[in-house]
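> attaching a predicted model along with its sequence, questions to come.
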Protein chains: 4
Amino acid sequence: MLDQAKGVYIVAQTPFKENGEIDLDSVDTLTDFYFQHGASGLTVLGVAGEANKLTQAESVAVAARYVKRAQGRPVVVGVSHSSVAQLAELTALVMDQGAQGVMIAPPGGLRTEQEVLGYFDAVFKRIGNVPVVLQDFPFSTGTWMSVPIMGELIARHAQIQVIKEEDLPSLTKITRLRALPGRRVAILTGNNAMFLPLELGRGIDGPMAGFSHPEMLSQVYALYTAGKVGEAHDVFDRYLPLLSYENQSQWGVAVRKEVLRRRGAIRHAGMRTPGPRLDATDHAEIDRLLQRLARDLKDAG
Amino acid sequence: MLDQAKGVYIVAQTPFKENGEIDLDSVDTLTDFYFQHGASGLTVLGVAGEANKLTQAESVAVAARYVKRAQGRPVVVGVSHSSVAQLAELTALVMDQGAQGVMIAPPGGLRTEQEVLGYFDAVFKRIGNVPVVLQDFPFSTGTWMSVPIMGELIARHAQIQVIKEEDLPSLTKITRLRALPGRRVAILTGNNAMFLPLELGRGIDGPMAGFSHPEMLSQVYALYTAGKVGEAHDVFDRYLPLLSYENQSQWGVAVRKEVLRRRGAIRHAGMRTPGPRLDATDHAEIDRLLQRLARDLKDAG
Amino acid sequence: MLDQAKGVYIVAQTPFKENGEIDLDSVDTLTDFYFQHGASGLTVLGVAGEANKLTQAESVAVAARYVKRAQGRPVVVGVSHSSVAQLAELTALVMDQGAQGVMIAPPGGLRTEQEVLGYFDAVFKRIGNVPVVLQDFPFSTGTWMSVPIMGELIARHAQIQVIKEEDLPSLTKITRLRALPGRRVAILTGNNAMFLPLELGRGIDGPMAGFSHPEMLSQVYALYTAGKVGEAHDVFDRYLPLLSYENQSQWGVAVRKEVLRRRGAIRHAGMRTPGPRLDATDHAEIDRLLQRLARDLKDAG
Amino acid sequence: MLDQAKGVYIVAQTPFKENGEIDLDSVDTLTDFYFQHGASGLTVLGVAGEANKLTQAESVAVAARYVKRAQGRPVVVGVSHSSVAQLAELTALVMDQGAQGVMIAPPGGLRTEQEVLGYFDAVFKRIGNVPVVLQDFPFSTGTWMSVPIMGELIARHAQIQVIKEEDLPSLTKITRLRALPGRRVAILTGNNAMFLPLELGRGIDGPMAGFSHPEMLSQVYALYTAGKVGEAHDVFDRYLPLLSYENQSQWGVAVRKEVLRRRGAIRHAGMRTPGPRLDATDHAEIDRLLQRLARDLKDAG
């Protein structure tokens, strides 16, 4: 299943009510929104999903709601945790709820490749036979993985079925990952899809990224895989100013949630504390970027 | 209560069975061992307590068992977590079990004092009126706090009743913390007590540290506070070679657990994976250091 | 002088010959290229200028050549160094050569605001009365500075005449810097100008950034300051795909040098080792992006 | 020569005058002091030698003076630098002055083993056939090297003749380094010699460390290599309280320089700014530790 992943996995937000509680009704509307705009699957409880602000029970509830609403379409759940025990526990709980697999990034503080290998030996022994997306996101985790060590992990652990690649530069790393001998795994790319058409040119199987306009991701993917490379770039470039604006770490997540709110996908845009809050100037910038996007889309027909 | 903390808080290990399960019976024997060797209180589920390898349920079970066996003597529980929600949840659970208070260190990735202040604003709002030990352990957390920012935290949050100081050098920082205006908080020091007698000279209220021979900590504390400074140093120096050997991060924890096992305080010495394992050469070094200590204690009468 | 900096400071590359030697002739052609495309001034020997691969004598030679060719137009020279002594020595040498000022970022390893203040106290005492651009680039240096601490530095050190702001998100930080009480300093922004029109909306005085097409920077600046905000965004958006492609750290610098070579600004594109090298796939991506840019510029008239 | 290094390499301080200038006369007296107390060789301009506060000319002058005064006895010079060009330039200059070899640690920011290998490929190509001490000091550099990657570096680069090992825990790493197949290199250990007798038991060739009482290092080395293991420990333990007090990073260096001043080895104890300064409380602690040491040495005869 997961090892044949392709298409558009949207990295989903976690919606909150004004009082900071989880907004499960908005999970439903957001799920519908993502699939209506071309998602092949969802990745929930990632970094952009504010996973590290939830209790375990909240995490399970959010994952379960996404799975239920997705009605059989794939949902991958982020379970990265500094505690292998808590990672394993959450993995079992969300797999029970029907997740397609889990996404795991190494924790910070792994300082040599020996330590990376040792960490994943412990993880994979503990979680058992669960399909895994290995997330390579060093600027967030603080732990770097070279291409050879990622090849070694793939060789050791049959559970790894997808690489979520978001090191920078991603392009050359994708080429080197694709040149690895041995078992083929899917490669999906993150970094908010900032390099999506070029990454498709490097041989990825699709994006695994968040964006307030997921229709861009699905259109670019569809055009590119249909051989319409120029058209794929054209669509991508049209959204790039907004995409880049959302590509500002947690502050970008605040922007994305606000745009999703404006589009009716969720009821409230706020992030859980501690987290950024938008002010009037920020809103005015969003206004401008959305107006310009609307104009460009209209011009393009 | 906690704001008048003084004496010897032993940083407790978490005992495991050979199969990696929590060994609650050894919690009992270890608790007895600590108090028989002069502990005033215990600090459980710290870094040396392998807290980040447990599930939440395991953490609560360990804390509860320590509290129960301590029979009213104070037990502080480490609750640091990258998720404020999980930190708050665990805090409530262990306070329900009778903990005297909780110990909190800032997570890694807080990059300015503004971010440190923002983080603790969120934490203290969420946990409510719970006595807190603020842990300053930057070499482990990766987040540094200056003396002025610690003063600001003390001023903002009445829940902070103790500073666990283990920045390096600790000595000058203790002097500067003691010179802060405003509300007095207790200062207990960690770093495996490597500088205990000098830290007592700088005005701390006692150690909050782990050692396989807690009688050293209690003797040094008793002698020093009785004005017998030279004798305090004499006792400390006698144990220093072993103390230093245990002061090797997680590998030192493995040594400490082995020595505690040899002394009958716990049944098994192993750490949960991923973690270091001792081999024959390591055991021979421990043999040598313990034999030398026994000789020196005998010579000293 | 420098405190009234405004306009477009181009962050200049350091050209090398095929054998790795400095290519001073290309410094001349590149200087001409920058000024012909609208530069107000240059910033040489920054991170993108491979400063940390040069000897001191090479650094002075490069700076001197840029200053000479600039014929009186301003040249700022990066002098950041882990050694305050070497920083001060290089500062004196390049000021002697006619630099308008120097750019200084804090070294890595400053862990509290107290340490940041102490570091700059030592620096400014040592370099004397030299105009300084304070560079805030934490993702490169590893040292974060909050807005209040930057205000304190400005208050303490009259030499600071410009802030080069390239923290992320830059937008909110610019607004907060502009709201600081006290002496006004110029704010120029880096991050490869990825947010230039919005940053102009936040009140900056111009970009201090590198790009293979500096005419974009100067056009955007001119349009924006003439009140033609929409047109400024239009120009910016046209170049954004290439700009983003160049915004990939040292790998992006390799791309930029290759494009500058294709445009005739320098003779050789190579970076000094250790550094990235482009292959055929990379060149094909550059081809595509340049062709698309040419088409879009033609379409826009 | 260097590949047969054994014995006691003292990590030397750099003496300054009260006004912050280099004190070359104190280099002479300090050199004499080290050799009178049993040094086999010296390592100058390391981290504890405040190397990163000097200009290149000052570095060369200090190294040259040490070499001259050493009169043929070996002097290794630290040349680590973020710029390979400056590293290579300084290497050539100090080898011209008669250094036995240079010591190189990787700079911070090397994030994978591939990057470590690439960095050293560039370094060794550039410096040519110069004997090198590879310094493994990750807590200072921020770059971690596993045992296999160190083996690979030794295999690739014949210039590596000594490993200065100061990762923690050092003991198990020494055992694993000694078990590497291939060419034997000497292993000398740093970390202020905090684990010297046990490290000798693991098969090192001696210490490469600084201490205000180098006679301890040479006595421990002589006793241990003469088979008098217990006596070696006895001597070591006697000095351990002071050794540990000096083992506090740059603050410990300030202490060490003060004790060296009191012993007549240098004229002034001050460190260059930015750096710690001792106050009356610090001096009183030093008084106490020296008095206790004197008493213990007297008791031991």
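Yep, it's here.

> can the worst-scoring helix or strand of chain A on mean pLDDT be found next to chain D?
None of the helices or strands of chain A scores lower by mean pLDDT, DSSP states H and E than helix A:138-141, at a mean of 93. Yes. Helix A:138-141 is in contact with chain D by C-beta under 8 Å from any C-beta of the partner chain, via A:P138. All C-beta atoms are positioned from the backbone trio N, CA, C, and that covers glycine.

> packing partners of the helix or strand following that helix?
Using DSSP states H and E, the helix or strand that follows helix A:138-141 towards the C-terminus is helix A:147-156. When contacts are defined as 3 or more C-beta pairs under 8 Å, 6 or more residues apart in numbering or on different chains; DSSP states H and E, helix A:147-156 packs onto helix A:113-127, strand A:132-136, strand A:160-165, helix A:170-178, helix D:113-127.

> relative to chain B, which of the ones you listed is closest?
Nearest to chain B among the helices and strands packed on helix A:147-156 is helix A:113-127 (4.4 Å), distances taken as C-beta to the nearest C-beta.

> could you pull out the strands for chain A?
Applying DSSP state E to chain A gives strands spanning A:9-11, A:41-44, A:75-78, A:101-104, A:132-136, A:160-165, A:186-189, A:206-209.

> ok, the third one: who's next to it in the sheet?
Meaning strand A:75-78. Note on strand A:75-78: by DSSP bridges, its sheet partners are strand A:41-44 (parallel), strand A:101-104 (parallel).

> about what we covered before: redo the helices and strands packed on helix A:147-156 as JSON lines? Include mean neighbour count, distance to B:K257 and mean pLDDT.
As requested, these are exported to JSON lines (neighbours: other C-beta atoms under 10 Å in any protein chain shown; distance: least, C-beta to C-beta, whole Å; pLDDT from 0 to 100):
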{"stretch": "helix A:113-127", "mean neighbour count": "19", "distance to B:K257": "18", "mean pLDDT": "95"}
{"stretch": "strand A:132-136", "mean neighbour count": "25", "distance to B:K257": "32", "mean pLDDT": "98"}
{"stretch": "strand A:160-165", "mean neighbour count": "25", "distance to B:K257": "33", "mean pLDDT": "98"}
{"stretch": "helix A:170-178", "mean neighbour count": "20", "distance to B:K257": "40", "mean pLDDT": "97"}
{"stretch": "helix D:113-127", "mean neighbour count": "19", "distance to B:K257": "31", "mean pLDDT": "95"}
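
> select, out of the ones you listed, the one closest to C:V67.
Ranking these by proximity to C:V67 (C-beta to C-beta) places helix D:113-127 first, at 28.3 Å.

> now do the closest one against helix A:147-156, angle only.
For helix D:113-127 against helix A:147-156, the angle by axes from the mean of the first three to the mean of the last three C-alpha atoms, to 10 degrees is 150 degrees.

> re the thing from before, among the helices and strands packed on helix A:147-156, which comes closest to chain C?
Closest to chain C of the helices and strands packed on helix A:147-156, according to C-beta to the nearest C-beta: helix D:113-127, at 4.4 Å.

> using PDB, write out every CA atom in that closest one.
Extracted in PDB, the C-alpha atoms of helix D:113-127 (Å, rounded to 0.1, in the frame of the first residue of the first chain):
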ATOM      1  CA  GLU D 113      30.000  11.900   7.900                       C
ATOM      2  CA  GLN D 114      30.100  12.800   4.200                       C
ATOM      3  CA  GLU D 115      30.700  16.400   5.100                       C
ATOM      4  CA  VAL D 116      33.400  15.500   7.600                       C
ATOM      5  CA  LEU D 117      35.200  13.400   5.000                       C
ATOM      6  CA  GLY D 118      34.800  16.200   2.400                       C
ATOM      7  CA  TYR D 119      36.100  18.800   4.800                       C
ATOM      8  CA  PHE D 120      39.200  16.800   5.600                       C
ATOM      9  CA  ASP D 121      39.800  15.900   1.900                       C
ATOM     10  CA  ALA D 122      40.000  19.600   1.300                       C
ATOM     11  CA  VAL D 123      42.200  20.300   4.300                       C
ATOM     12  CA  PHE D 124      44.800  17.500   3.700                       C
ATOM     13  CA  LYS D 125      45.000  18.300   0.000                       C
ATOM     14  CA  ARG D 126      45.800  21.900   0.900                       C
ATOM     15  CA  ILE D 127      48.300  21.500   3.700                       C
END
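
> residues making contact with it?
A:112-113, A:146-149, C:273-274, D:84-85, D:87-88, D:91-92, D:102, D:104, D:106-107, D:110, D:132, D:143, D:145-146, D:149, D:152-153, D:156-157, D:159 (C-beta atoms under 8 Å, 6 or more residues apart in numbering or on different chains).

> for the nearest residue to A:S218 once chain neighbours are set aside, what are its contacts?
Distance criterion C-beta to C-beta, 6 or more residues apart in numbering or on different chains; nearest residue to A:S218, sequence neighbours excluded, is A:G38 at 2.5 Å. Contacts of A:G38 were listed using C-beta under 8 Å, 6+ apart, and they are A:8, A:214-215, A:217-219, A:221-222.

> out of the residues you listed, which end up buried?
For the contacts of A:G38, a burial check counting by 16 or more other C-beta atoms under 10 Å in any protein chain shown picks out A:8, A:214, A:217-219, A:221-222.

> could you export those residues as a markdown table, including distance to B:T172 and pLDDT?
Shown next, in a markdown table, are those (distance: C-beta to C-beta, whole Å; pLDDT from 0 to 100):
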| residue | distance to B:T172 | pLDDT |
| --- | --- | --- |
| A:V8 | 56 | 98 |
| A:P214 | 55 | 98 |
| A:L217 | 54 | 98 |
| A:S218 | 59 | 98 |
| A:Q219 | 61 | 98 |
| A:Y221 | 58 | 98 |
| A:A222 | 63 | 98 |
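
> and the furthest pair within those?
A:P214 and A:A222 (12.3 Å).

> isn't A:K257 up against A:R267?
No. Judged on C-beta atoms under 8 Å, A:K257 makes no contact with A:R267 at a distance of 10.7 Å.

> the residue nearest to A:I163 when sequence neighbours are not counted: neighbouring residues, count only.
Spatial nearest neighbour of A:I163, excluding adjacent residues (C-beta to C-beta, 6+ apart): A:I187 at 4.9 Å. Neighbourhood size, A:I187 [other C-beta atoms under 10 Å in any protein chain shown]: 24.
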